[in-house]
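**Student:** Below are the sequence and a predicted model; questions follow.
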Amino acid sequence: MPELPEVETIKRGLSELLPGRVIADVWHDWQKSFPNAPADVARFMVNAKIESVRRRAKVLIIELSSGYSLVIHLKMTGQLVFVNKNEQKLENSNKKLVNNINSQFLFSNSSREARFGGGHPTDSLINNLPDKSTRVVIDFQDDSKLFFNDQRKFGWMRLLPTIEVPQIDFMKKMGPEPLEDDFTVNKFINNILRRRQSAIKAVLLDQTVLAGVGNIYADESLWAAKIHPAIPAGQIPRTKLIKLYSELRRILTMAITKGGSTDRNYVDAKGKKGSYLTFAQVFRKENQPCPRCGTIIEKIRVAGRGTHICPKCQKMIYTRDIRS
DNA sequence: CACTTGACCTGTCCGC
DNA sequence: TGCGGACAGGTCAAGT
């Protein structure tokens, strides 16, 4: 769910809210989410000040004044929700007013629904925390709180010495970020072709090739570049890869300016369904017409993932390595 | 080594 | 209405 644009959006939000705040207490109930020893938490988190919030691919890094950092991966259902006590009081006394300001202190899939979708049931999220998905609560000295919620328990949070963060395994293996200035089209093509026999979609999802792309943006960029997701990477003409490079960067950049997307469908208070993938062209659009040619979009399975294609725009036409 | 599949979880949705 | 099962997707371990 959270891919690069979503994590970037969360990072930008937390960057405005957390730095300068001092941790008063930390509660956590779940070893997998937050396996650090209570003694370490007490020693390196309590009384520490938040210095900065950074992002590497889909990973958030909250740097503390103690020389330690919180490294956070939200995986599919993780949320980071910041709640300011004053706002909470306001919520209790004047619900309408708070609905309008929810977005400034909620950073989660639900908050994006709130922001882009208008009123809906999760407007009341702020009243319900902690809930049963809450794994970690960080209390600040000014009585504001940061909640880490994760329904499916795939996400995690680790407290590590800041200087060791780049050394941990999955950080070292991570490939380049698609939006970095020095990530050139040639680098992109060379990295793609490192996995010549794999389906192009599997390559885009491989974080050692390219860090930050997930299922939504893989489908969207392959549709934009008119490439079938199951084509072996090595069989794609160079001109198509150049197109894929520019479309991937364009779509990721656009998604960030829109504050990310969410694939959560929900039912609002009136039982009405809605989707908040406002700029998706194919993702979760199966059985709907392709925005480009009108052909009905199909959902198939590629690289073990649900995959959305226009069967006319994205044909399996390559049968040999035409680069050589 | 290259590449694919299944496990990790739980809430939701679909069909019977 | 309830119930079983498929499905969702990021990442890693285990498999071919």
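**Tutor:** Right, received. Where do you want to start? Residues are numbered from 1 along each chain as shown, chains lettered A, B, ... in the order given.

**Student:** low-scoring stretches of the stretch 1-150 of chain A, by residue?
**Tutor:** Counting by pLDDT under 70, the ranges of the stretch 1-150 of chain A that qualify are A:1, A:86-128.

**Student:** the helices in it, which residues?
**Tutor:** A:4-17, A:38-44, A:85-93, A:95-101, A:109-117 (DSSP state H, counting those that start in this stretch).

**Student:** you'd agree A:V81 is up against A:L146?
**Tutor:** Yes: assessed by CB atoms under 8 Å, A:V81 is found in contact with A:L146 at 7.3 Å. The C-beta positions use only the backbone N, C-alpha and C, and glycine is treated the same way.

**Student:** Could you list which residues are in contact with whatever residue of chain A ends up closest to DNA strand B?
**Tutor:** Residue nearest to DNA strand B within chain A: A:Q197 (2.7 Å; CB to the nearest atom of the strand). A:Q197 is in contact with A:232-234, counting by CB atoms under 8 Å, 6 or more residues apart in numbering.

**Student:** If you rank the residues you listed by neighbours, which is first?
**Tutor:** Highest neighbour count within those: A:A233, with 23 neighbours (other CB atoms under 10 Å).

**Student:** need the contact list for that residue.
**Tutor:** Contacts for A:A233 (CB under 8 Å, 6+ apart) come out as A:192-193, A:195-200, A:203.

**Student:** Find the residue at the geometric middle of chain A.
**Tutor:** The residue lying closest to the centre of chain A (CA atoms, centre = their mean) is A:P2, at 1.9 Å.

**Student:** So which residues on chain A come close to DNA strand B?
**Tutor:** Residues of chain A lying close to DNA strand B (CB under 7 Å from any atom of the strand) are A:32, A:132-133, A:151-154, A:194-199, A:202, A:265-267, A:303-304.

**Student:** burial count for A:K75?
**Tutor:** 15.

**Student:** Correction: the previous question concerned A:K58.
**Tutor:** Other residues within reach of A:K58, judged by other CB under 10 Å, total 22.

**Student:** Which secondary structure state is assigned to the closest residue in space to A:Q314 that isn't next to it in sequence?
**Tutor:** Computed as CB to CB, 6 or more residues apart in numbering, the closest residue to A:Q314 that is not its neighbour in sequence is A:H228, at 4.4 Å. Here A:H228 is recorded as coil under DSSP: H, G, I helix; E, B strand; the rest coil.

**Student:** List the contacts of A:H228.
**Tutor:** A:200, A:222, A:309, A:314-317.

**Student:** Can you check the pLDDT for it?
**Tutor:** Note on A:H228: pLDDT of 93.

**Student:** by contact count, what packs against the lengthiest helix in chain A?
**Tutor:** Longest helix in chain A by number of residues (criterion: DSSP state H): helix A:238-257. Judged by 3 or more CB pairs under 8 Å, 6 or more residues apart in numbering; DSSP states H and E, helix A:238-257 is in contact with helix A:4-17, helix A:185-193, helix A:215-224.
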